[in-house]
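Participant: just coords:
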C-alpha cells in the first residue's frame, strides 16, 4: 500500500499564519518608502532650483553677478492631493580676483514636515574675455 502525502490542518494553519505575518511586514514598508520618495522629490526640486540660480549667474557678465534672495513655490502630489511647498533661496557671491573670478553659492531652504532642510550648491565663475 502507498502512503498518501497531504497537509494536516495544523500545517496549513501555520503556513497561513506565516504568510499573513509576511504580508503585514511588507504592507508596513510601503508608507516608509512613500515618505522617502516624497523627501527625495523635495530635495531634487531644491537642487534643481539651486542649479538654475547658478546657471543664471554663469550666463551673467561677471561684474553684474550680485547676491540676492527670494522664494519660489513648488507644487506636487502627496497622498493623491496637490500640495505647495515654499522654498527660500539665496545667492551669495565672493569676489576672488577683481573682475576675473567669483565664488558663488546657491542655498535653497524649505520646511519638510516640521524639519528645516537645505541644499547648498557652489561654483567658481571665471571671466574669459573674447579672443579677437
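Facilitator: That came through, no problem. For clarity, every value in this text was computed on a predicted model and none was experimentally measured.
Participant: right, and the helix or strand after the helix or strand bottoming out on mean pLDDT in the chain?
Facilitator: Ranked by mean pLDDT, DSSP states H and E, the weakest helix or strand in the chain is strand 68-78, scoring a mean of 85. Using DSSP states H and E, the next helix or strand after strand 68-78 towards the C-terminus is strand 81-97.
Participant: give me the angle between that next one and strand 68-78.
Facilitator: With axes from the mean of the first three to the mean of the last three C-alpha atoms, to 10 degrees defining the directions, strand 81-97 sits at 150 degrees from strand 68-78.
Participant: show me what strand 81-97 is packed up against.
Facilitator: helix 9-58, strand 68-78, strand 101-112 (3 or more C-beta pairs under 8 Å, 6 or more residues apart in numbering; DSSP states H and E). No exception for glycine: its C-beta is placed from N, CA and C like everyone else's.
Participant: can I get those in a markdown table with mean neighbour count and distance to residue 126?
Facilitator: Below are those laid out as a markdown table (neighbours: other C-beta atoms under 10 Å; distance: least, C-beta to C-beta, whole Å):
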| stretch | mean neighbour count | distance to residue 126 |
| --- | --- | --- |
| helix 9-58 | 13 | 10 |
| strand 68-78 | 12 | 21 |
| strand 101-112 | 18 | 5 |
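Participant: among these, which comes closest to residue 89?
Facilitator: Closest to residue 89 of these is strand 101-112 (C-beta to C-beta; 4.8 Å).
Participant: now the closest residue to residue 94 other than its chain neighbours: how far from residue 55?
Facilitator: Excluding its sequence neighbours, the residue lying closest to residue 94 (C-beta to C-beta, 6 or more residues apart in numbering) is residue 103, at 4.5 Å. To residue 55, residue 103 is 16 Å away according to C-beta to C-beta, to the nearest Å.
Participant: go on, residue 119?
Facilitator: Going from residue 119 to residue 55 by C-beta to C-beta gives 15 Å.
Participant: show residues contacting stretch 58-78.
Facilitator: Applying C-beta atoms under 8 Å, 6 or more residues apart in numbering, the contact partners of stretch 58-78 are 38, 41-42, 45, 49, 57, 82-93, 99-100, 102, 104, 123, 125, 127.
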